[in-house]
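Engineer: sequence? don't have it. structure:
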């Protein structure tokens, strides 16, 4: 348990051009955060899916373009932070 | 015959994710047999049309707003949910047609599973099948139909016969639907549904291991931190170049056309007040507004094509960070871009912004984008400022556009600062695969825009033009000697002049601003009427420019320019703000702050310039 947790990072930490596998998605307590996470899950950010960091924005590396399956999504770093991923080596 | 076969489909609704090609399919099914209105009580566009089934029966098609989920986040999604769960005034469809993008079933199947719980007969459409084949995606249709226990048809929205399979299916008797048990799902249910989706997807769809979608490579370039912005700047430059140069040519033709009509009427009608009304009032007034149709349509052609190609969401992505400095998100980009054509479609386009505060801010600043109706007024005064220097005139024009944008961003920043506790809205948006725009949908989209514009010209603007002509003519017709002094308009201008004197407006300008409330471009023809210019539109413009150049002090010219940048000189904008916000208060806030800004900017400009240029 500890070992596998050590390898996961939040999606916003994934470097540009790198692949990763979604480990899990944190469900926050506040309602705005819950709504956002529910939508992330509905869009397919669920455990086991492969993601690619396509682009990072220019200022503060924000926002992010993330490829998931056959779709690319644009989202901000703080939105991506709810998603935990295991980087591919 | 069994009881089942008696029930034939009369009314279908298209359900699907945004970007699934649903609207292109709707356009293919219905061609021009469409009716666009609003859903009762909400400002969400309701598109309904009539289509023919394979046997030629006419049935109704409702194009529901795009929705990722029935767990609604935006107004659009809420309407879709309410219509298909029977919580609206709409009649429930006999059959729900769930449109999916065959290249992206992993995302789109979830909505199918959700829709299956609604208790309505359901058909699944695999759209963009041509594209899926190109990408090497193989779908086991029979197995998918069995897994879902639903009929499945393939469509290609871009081919004339692309929907034949669907048309044939609609002649078959309706299947019975399982009982309804849809409730807004929580996290656990969403995860469970996603496990089902993944299972079905893995069993029925084979995708190449290497993602062949060129969108990723295109995105690496178009969303590059440097090149992305260079391309965006080029795209905007080409767009506005086309609007101004192409628009000019077409507007010239329209002007010539109206000029010819006016001459024909003059030659065939006896001189008198009626001829004056027809030639100067109606033909001159309406013609003066219709000349902007080309510019509006060219801008919309670019916006529609860029949106259909998938580029606009990328532009919104690139601009998210710069716009967040002003408290906005990238989502406000598309409405603000549309506002350069006209604030009304711009304000209507804010419906896609799910966050209310962001949407309201965007609505309040949209009128600051230099809409095409300002162009003739800018052109007239700038030409009078720099009669011999085209370069300086062009630079000042650009400056006026920039001023509007800077003012809008500043206002947005103040609104954000006044509301410190407001949570930031999420950006989370799909960046759909790049594709060639569908020509049919472009033509239908442009046609809709043209009709909206011409309807406005034919009603409000026509009426105001006639009233204006009357005000200038009664009780005593104006002529080149007495100007408008003996008319009602003259009296009104005289009264308004007291309000506008501190900002340097004379009686003619003061009064021209009144009909200018109907549409800013009317200010030009109203000035022409006030100065009693005669002749064809071209001549009038030339005479007017010379007179302004000669008679108005520099301070007045600058002051009027600034006034036009800020002032909410457009009743239609007031109406649409009231409708979209549902609030008189927001409408008065919009009008109040813009009038305040305009008066202040003109006052400072006029007084300072007058001081500096005083002999």
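Structural biologist: Good, I have the coordinates. Please read all numbers here as calculations on a predicted model, not as lab measurements.

Engineer: and the longest helix for chain A?
Structural biologist: For chain A, the helix reaching the highest residue count under DSSP state H is reported as helix A:31-42.

Engineer: contacting residues around that one?
Structural biologist: The contact list for helix A:31-42 (CB atoms under 8 Å, 6 or more residues apart in numbering or on different chains) reads A:25-28, A:79, A:82-83, B:68-69, B:71, B:73, B:110, B:186-187, B:190-191, B:194, B:423, B:426, B:428. No exception for glycine: its C-beta is placed from N, CA and C like everyone else's.

Engineer: buried ones in it?
Structural biologist: A:33, A:36, A:37, A:38, A:39, A:40, A:41, A:42 (16 or more other CB atoms under 10 Å in any protein chain shown).

Engineer: pull out the buried residues from stretch B:601-615.
Structural biologist: Of the residues in stretch B:601-615, B:601, B:602, B:603, B:605, B:606, B:609, B:610 count as buried by neighbour count, 16+ other CB under 10 Å.

Engineer: of the residues you listed, closest to chain A?
Structural biologist: Closest approach to chain A among the buried residues of stretch B:601-615 (CB to the nearest CB): residue B:601, at 30.8 Å.

Engineer: surely that closest one is in a strand?
Structural biologist: No: Residue B:601: not assigned to a strand; according to DSSP: H, G, I helix; E, B strand; the rest coil it is helix.

Engineer: burial of the spatially closest residue to it that is not a sequence neighbour, as a residue count?
Structural biologist: In this structure, residue B:601 finds its nearest non-sequential neighbour in residue B:562, 4.4 Å apart by CB to CB, 6 or more residues apart in numbering or on different chains. Applying other CB atoms under 10 Å in any protein chain shown, we find 22 other residues in the vicinity of residue B:562.

Engineer: what sits up against the helix or strand hosting residue B:562?
Structural biologist: Element membership of residue B:562 [criterion: DSSP states H and E] is helix B:554-566. Contacts to helix B:554-566, defined as CB under 8 Å, 6+ apart, come from residues B:368, B:370, B:374, B:377-378, B:381-382, B:384-385, B:396, B:400, B:403-404, B:407, B:503-506, B:509, B:520, B:523, B:548, B:594, B:597-599, B:601-603, B:605-607, B:609-610, B:613.

Engineer: which is the succeeding secondary structure element to it?
Structural biologist: Downstream of helix B:554-566, the first helix or strand assigned by DSSP H and E is helix B:571-581.

Engineer: in that next one, which residues are buried?
Structural biologist: Per 16+ other CB under 10 Å, helix B:571-581 contains these buried residues: B:572, B:573, B:574, B:576, B:577, B:578, B:580, B:581.

Engineer: ok, so of those, who is nearest chain A?
Structural biologist: Among the buried residues of helix B:571-581, residue B:581 lies closest to chain A (CB to the nearest CB), at 21.9 Å.

Engineer: so residue B:366, which of the three states?
Structural biologist: helix.

Engineer: right, and residue A:12 touches residue A:82 too?
Structural biologist: No: look at residue A:12 against residue A:82 with CB atoms under 8 Å: they stay out of range, at 9.4 Å.

Engineer: identify the residue nearest residue B:7 in space, chain neighbours excluded?
Structural biologist: Counting by CB to CB, 6+ apart, the nearest residue to residue B:7 once its immediate chain neighbours are dropped is residue B:174, at 4.7 Å.
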